[in-house]
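Undergrad: next one to model:
(one chain, ligands or ions: 1)
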Amino acid sequence: MKMTGAQIFCESLKREGVDVIFGLPGGAVLPVYDALYDYVQRQELRHVLVRQEAAAGHAAEAYARVTGKVGVCLVTSGPACTNLVTALADAQIDSMPIVAFTGQVPTHLIGNDAFQEADNVGICRPCTKHNYLVKDVKELASIIKEAFYVARSGRPGPVHVDLPKDILLKQTEFAYPDKVFLRSYNPTVEGHPGQIKKAAQAILKAKKPILYVGGGVINADAAPELRELAELTQIPVTMTLMGIGAFPGDHPLNLGMLGMHGAWYTNMAVISTDLLIAVGSRFDDRVTGKLDAWCPEAEVIHIDIDPSSIAKNFHVEIPIVGDAKHVVARLNRELRQLDDGSWKESRDAWWQQIRAWKAQHPLSYEWSDAIIKPQHVIQEASRQTASLDPIVATDVGQHQMWAGQYFIVNKPRHWVTSGGLGTMGYGLPAAMGAQVARPDKLVIALLGDGSFQMNMQELSTVVEERLPLKIALVNNRAHGMVRQWQELFYNRRFVGIDLSVCPDYVRLAEAFGILGLRAERPGEVTATWERALAHPGPVLIDFVVDPEEACFPMVPAGAAVRDMVLAKPMSERPEEAKARAAKLTGF
Ligand SMILES: Cc1ncc(C[n+]2csc(CCOP(=O)(O)OP(=O)(O)O)c2C)c(N)n1
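TA: From the prediction side, this is the model:
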């Protein structure tokens, strides 16, 4: 049957099982919207209208994260595409499978400085896994098929498809391909059996092993296999920020988040290990700190779907390229066969050591009766919702790190955050995407006041789509994380961090048509969360917290993990602070 490019677009999306598109229209992409009209009328496709294009991308990322399906966004040409770029870069570094469609001026105008023309393909190429400019309507269906395949296979990521207006209007026979054939793209799924055996032997021999788990485990749906591995061998599990949820937060083998704001005992365990088993994690500098001081005695196993991630930053003795689900399942089989129980004694000693570290410096903060501590806000939310397994979305900054430390997430795909790019403004649209994907779930958005102000217009989308989000502002009237760095490493020379000029957030919520609440005293935190959680619709809660609270422990950027700082130095003179910072960071 003959169809226009725009109709082929809609039909192809249906064939891919897409049910929702996050988007915002404009001239170049209008033929698609025109075709979409019928699909929306028939309720075959849902369109969620965001208020700024980056939000479409972030919502699609979160949709992908919580469902495991490919997220889809659709925007117009030029400025819409440039607005979307941040979300593409975010999805790229966090391995989120999305397909982003942009409108483009008609092919004969490309390169002519036409109205709303931008070199979309050129701009998006460095921050996508792959991208396409459709030059012939006959290629459209197969390009869409490929785009979804590339986005979800191998190391997942964003794929961009640029759609010139004339291509969308031209007609051709529609035939959706069943298969994708890409000569130079064949991700390795099965790990090498010899390498897996070697890994099993190393695990049984190790005295102080540790699992260092990243978001790749969640992407590969490998959480059950990972749990089996940990329980089989009693190995402590640490997770990166992106790995949160890959292993139950309340499991006795769980040591929580590692890295720059990991707990002291977690980082001590990691750097003291003799066998680091990295699964779906990429040795980010926020994890390793100064590389030559990290895990000095460790042999390293690295399991990753992306061969280019292996040994990129750190030495690896046993590389295994493959899908984490497949590799860890096979590793478990090997372990069962080879296991003679000889590791048990040394493992007891290892756990004793870790428990001693934990007792020495547990994760903690100083309570105040006068002012709300941000950690308290997060702990209380976690406590009150523990039986509901909520999905938690965060923004970027101190509150994000406190959420990583104090919110107990027990299941994969229940934690949504911007880890690699650290994109402020991510949290609200991401919470929207999560709630659209899982209307059955409680979705909590933990946001900083600075981050919230970057995308707060999306409250309109929340209202329009009737998304019952519980949005908590951890409001310290500052760009808190930057304030913390200026306080600790720049002699308290505070510039560019003051957000005390801000709207009244309760009235702002009301202006958008949602319930606004505020808590200003520690005694109000519990009741305010209770009220918010009991409310059936969306709520914005302004938690007015201690503006001076800093997030600890902290490994200063570029410092060795061993030089972690546990608390603010008491009364330090500026010269002393400078000297200390120089000693820690080497600059
Ligand atoms: C788009 C973007 N711009 C700048 C930064 C740098 N940055 C990192 S954290 C931060 C402050 C975040 O403030 P807020 O959202 O209020 O969270 P808080 O740290 O106070 O919890 C800034 C400016 C960033 N990560 N992203």
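Undergrad: all contacts plus neighbour counts: C-alpha atoms, from now on.
TA: Will do.
Undergrad: F247 contacts L229, doesn't it?
TA: No - F247 is beyond contact range of L229, at 11.0 Å (criterion: CA atoms under 8 Å).
Undergrad: more neighbours, the two?
TA: F247 (28 against 20; other CA atoms under 10 Å).
Undergrad: in the stretch 301-450 of the chain, which segments are predicted with low confidence?
TA: Counting by pLDDT under 70, the stretch 301-450 of the chain shows no low-confidence range.
Undergrad: which residues of it fall in helices?
TA: Using DSSP state H, counting those that start in this stretch, the helices assigned to the stretch 301-450 of the chain run over residues 324-338, 344-360, 374-384, 398-406, 427-437, 449-455.
Undergrad: comparing these, which comes out most buried?
TA: With neighbours defined as mean count of other CA atoms under 10 Å, the helices of the stretch 301-450 of the chain peak in mean count at helix 427-437, which reaches a mean of 30.
Undergrad: need the contact partners of that one.
TA: 55-56, 58-63, 65-67, 391-396, 416-417, 441-447, 451-452, 455-456, 458, 462, 467-469, 471 (CA atoms under 8 Å, 6 or more residues apart in numbering).
Undergrad: hey, what's the angle from it to helix 398-406? Just curious.
TA: 50 degrees (axes from the mean of the first three to the mean of the last three CA atoms, to 10 degrees).
Undergrad: okay, helix 427-437 in PDB with CA atoms only?
TA: C-alpha atoms of helix 427-437 as PDB (Å, rounded to 0.1, in the frame of the first residue of the first chain):
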ATOM      1  CA  GLY A 427      14.800  15.300  37.100                       C
ATOM      2  CA  LEU A 428      11.400  16.700  36.500                       C
ATOM      3  CA  PRO A 429      11.100  15.600  32.800                       C
ATOM      4  CA  ALA A 430      12.600  12.300  33.700                       C
ATOM      5  CA  ALA A 431      10.100  11.800  36.500                       C
ATOM      6  CA  MET A 432       7.400  12.500  33.900                       C
ATOM      7  CA  GLY A 433       8.700   9.900  31.500                       C
ATOM      8  CA  ALA A 434       8.900   7.400  34.300                       C
ATOM      9  CA  GLN A 435       5.300   8.100  35.400                       C
ATOM     10  CA  VAL A 436       4.000   7.900  31.800                       C
ATOM     11  CA  ALA A 437       5.700   4.500  31.500                       C
END
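Undergrad: tell me how far that helix lies from the chain's centre.
TA: Here the centre of helix 427-437 is set off from its chain's centre by 12 Å, with CA atoms, centre = their mean, to the nearest Å.
Undergrad: quick one: contacts for the closest residue to the ligand within the stretch 51-200 of the chain?
TA: Proximity of the stretch 51-200 of the chain to the ligand (CA to the nearest ligand atom) peaks at T86, 8.4 Å away. Neighbour list for T86: 54, 423 [criterion: CA under 8 Å, 6+ apart].
Undergrad: when you give positions from now on, start the count at 42
TA: Right, with 42 as the first residue, what we last looked at is T127.
Undergrad: please report how far it lies from L500.
TA: 20 Å (CA to CA, to the nearest Å).
Undergrad: helices or strands up against the helix or strand containing A105?
TA: In the assignment (DSSP states H and E), A105 maps to helix 94-108. Counting contacts by 3 or more CA pairs under 8 Å, 6 or more residues apart in numbering; DSSP states H and E, helix 94-108 is packed against strand 61-65, strand 112-116, helix 120-134, strand 139-145, strand 456-457, helix 468-478.
Undergrad: mind putting those into TSV with distance to G300?
TA: Listed next are the helices and strands packed on helix 94-108 as TSV, based on distance: least, CA to CA, whole Å:
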stretch	distance to G300
strand 61-65	34
strand 112-116	29
helix 120-134	18
strand 139-145	28
strand 456-457	18
helix 468-478	22
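Undergrad: I'm done for today, thanks for sticking with me.
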